[in-house]
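> sharing a sequence plus its predicted fold:
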Amino acid sequence: MGDVLKALDANSADLLQYLERRIGITDAPDVLSDVMTIAWRRTGDVPDDPEQARMWLFGIAKRSLANAHRGEVRRANLADRLRWLAYDQGPVAPAADDGLTTRDCIAALPEPLAEIVRLVHWDGLTLAEVAQLEEVAPSTVRSRYARAKEMLRAMLEEEPLASVARLKQRTG
Amino acid sequence: MSDLNEDSALDRELAASAPATTANTVERSAALAEMARESAPTNVSPLRRHRPLIIGSAVGVAILGFGSAAVATGAVSVPWVQDVATEFTYTLPSGAECRAAIGDVTGGERYEDVLRDTVTEPGFFDGLDLETHIAFVADNNYFVHEDGTETKIGPDTPYYYSADEDYHRGLSEATFAGLREALTANSLDPYGNDFGYLITYDCPGEVQPEYIVDLLERVNG
């Protein structure tokens, strides 16, 4: 059995950033609080291997995000300090509007492809880790990633907003 | 944007598209570390010597780690709380209605005052996060054998426990969590060597696990 506190100490900063990129700086601390509570409740399930423990925590974070997207963000007192630090010290670069066009292009991809791009390029996960987190075969992740980049390259080489609009029309 | 034919350029652009995140500062690291610790439903080890002891039957005594025969014997003979801070009621998952008392505080007058003020505050017991603590104890149930080894127990294992038992223990943990907050706010150490208190309960009709019934029979001869 792994050590839940050791796993949290090693990964909470990355988890917070992962959540901030998905749900925003204001709500991320609350979801992180949920993630930590769930991790403690399942302390017997923490993998011994540090990398596996990290992916186990990201899995909890992913499921907690699903709840948050359903509007179930629970305001936690524990999160107030982190929220206060965010407001007090401000976010780090990139600024909130940097990369907006590229983000729009990513968001215009079919969601399974978009999430692979986010996990690789925003969160620094390897394709093998993405496969584990998304519970998809590694070969599928590799082909989806290649397809995603092919689509992004095409979108960004032409007028990005126009191609986003076209893609949304097709997929929407 | 022709250079986007090269992956390195595309990769840079994708990495740069990440939404803003908060600065990784010493203060934030400290806040995260504190949150990781405070998120634990309880900081109390199941074997902590000074943890509050919930008594009223032998239920939970063995699996909480107080597994000596002496404690088990004490558990069935300890009388109702003598110096009652307050009494309260609750309903178990089986539907059994419980009457409980908390009191017999040790550790000194300040501990006694804070505990009494806290548990008599209107809504204290109603405001406890029972769900979290019950789930925690359900996930951390161990039977302590005479040789000191432990067996994780659950609904599908030997030494089966009941939902009523989980409720009792979750209530005990949640109560201590509430008290811990109040004591800390009053600059008192919740884990102070002399601090202790007793909760006793009476729940006619409570569903008791078979092994507890056996244990009671053995303890009572």
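Nice, thanks for sending it over. Quick caveat, the model's predicted, so the values are computed rather than measured.

> give me the longest strand you can find in chain B.
If you go by DSSP state E, chain B has its longest strand at strand B:97-106.

> quick one: average pLDDT of it?
Taken as a whole, strand B:97-106 has a mean pLDDT of 83.

> how about that strand: buried residues?
For strand B:97-106, a neighbour-count test (16 or more other C-beta atoms under 10 Å in any protein chain shown) marks B:98, B:100-105 as buried. C-beta coordinates here come from the backbone N, C-alpha and C atoms, glycine included.

> and what of stretch B:124-136?
Residues B:124-125, B:128-130, B:132-136 are the ones in stretch B:124-136 that count as buried (16+ other C-beta under 10 Å).

> on that earlier part again, so which elements touch the longest strand of chain B?
Packing partners of strand B:97-106 (3 or more C-beta pairs under 8 Å, 6 or more residues apart in numbering or on different chains; DSSP states H and E): strand B:84-91, helix B:109-119, strand B:196-202.

> 10 Å - rerun?
Using 3 or more C-beta pairs under 10 Å, 6 or more residues apart in numbering or on different chains; DSSP states H and E, the elements in contact with strand B:97-106 are strand B:84-91, helix B:109-119, helix B:163-185, strand B:196-202.

> who does that strand pair up with?
Strand B:97-106 sits in its sheet next to strand B:84-91 (antiparallel), strand B:196-202 (antiparallel), going by DSSP bridges.

> now the weakest link among the ones you listed, please, by mean pLDDT.
When the strands paired with strand B:97-106 are ranked by mean pLDDT, strand B:196-202 comes last with a mean of 77.

> and the residue nearest to B:Leu171 when sequence neighbours are not counted, how close does it get to chain A?
Once flanking residues are discounted, B:Leu171 sits nearest to B:Leu130: 6.4 Å by C-beta to C-beta, 6 or more residues apart in numbering or on different chains. Relative to chain A, B:Leu130 is positioned 13 Å away (C-beta to the nearest C-beta, to the nearest Å).

> returning to what we had before: dump the buried residues of stretch B:124-136 to TSV, plus secondary structure and pLDDT.
Shown next, in TSV, are the buried residues of stretch B:124-136 (DSSP: H, G, I helix; E, B strand; the rest coil; pLDDT from 0 to 100):
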residue	secondary structure	pLDDT
B:Phe124	coil	92
B:Phe125	coil	90
B:Leu128	coil	90
B:Asp129	coil	89
B:Leu130	helix	89
B:Thr132	helix	89
B:His133	helix	86
B:Ile134	helix	87
B:Ala135	helix	86
B:Phe136	helix	83
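
> so, low pLDDT: which residues of chain B?
For chain B, the stretches flagged by pLDDT under 70 are B:1-6, B:41-80, B:143-150, B:159-161, B:192-193, B:208-221.

> try 50
By pLDDT under 50, the low-scoring segments of chain B are B:1-5, B:42-78.

> also chain A?
The model of chain A has pLDDT under 50 over residues A:72, A:93, A:95-97, A:170-172.

> one step back: go through the helices and strands packed on strand B:97-106 and name the closest to A:Ala66.
Nearest to A:Ala66, of all the helices and strands packed on strand B:97-106, is helix B:163-185, at 26.1 Å by C-beta to C-beta.

> who are the packing partners of the closest one?
Using 3+ C-beta pairs under 10 Å, 6+ apart, helix B:163-185 is in contact with strand B:53-55, strand B:84-91, strand B:97-106, helix B:109-119, helix B:130-139, strand B:196-202.

> and the second one, what's buried?
If you call a residue buried by 16+ other C-beta under 10 Å, then strand B:84-91 has these buried ones: B:85-86, B:88, B:90.

> contacting residues around it?
Contact with strand B:84-91 is made by B:80-81, B:96-105, B:112, B:115-121, B:124-126, B:130, B:167-168, B:171, B:175, B:197-201, B:203, as judged by C-beta atoms under 10 Å, 6 or more residues apart in numbering or on different chains.

> what do you get if the cut-off is 6 Å, keeping everything else the same?
Contacting residues not belonging to strand B:84-91 are listed as B:97-103, B:115-116, B:119-120, B:125 [C-beta atoms under 6 Å, 6 or more residues apart in numbering or on different chains].

> so which of the helices and strands packed on helix B:163-185 gets nearest A:Ala53?
Of the helices and strands packed on helix B:163-185, nearest to A:Ala53 by C-beta to C-beta is helix B:130-139, at 16.8 Å.

> that closest one versus helix B:163-185: what angle between them?
120 degrees (axes from the mean of the first three to the mean of the last three C-alpha atoms, to 10 degrees).

> and helix B:130-139, what other elements does it pack with?
helix A:28-41, helix B:163-185 (3 or more C-beta pairs under 6 Å, 6 or more residues apart in numbering or on different chains; DSSP states H and E).
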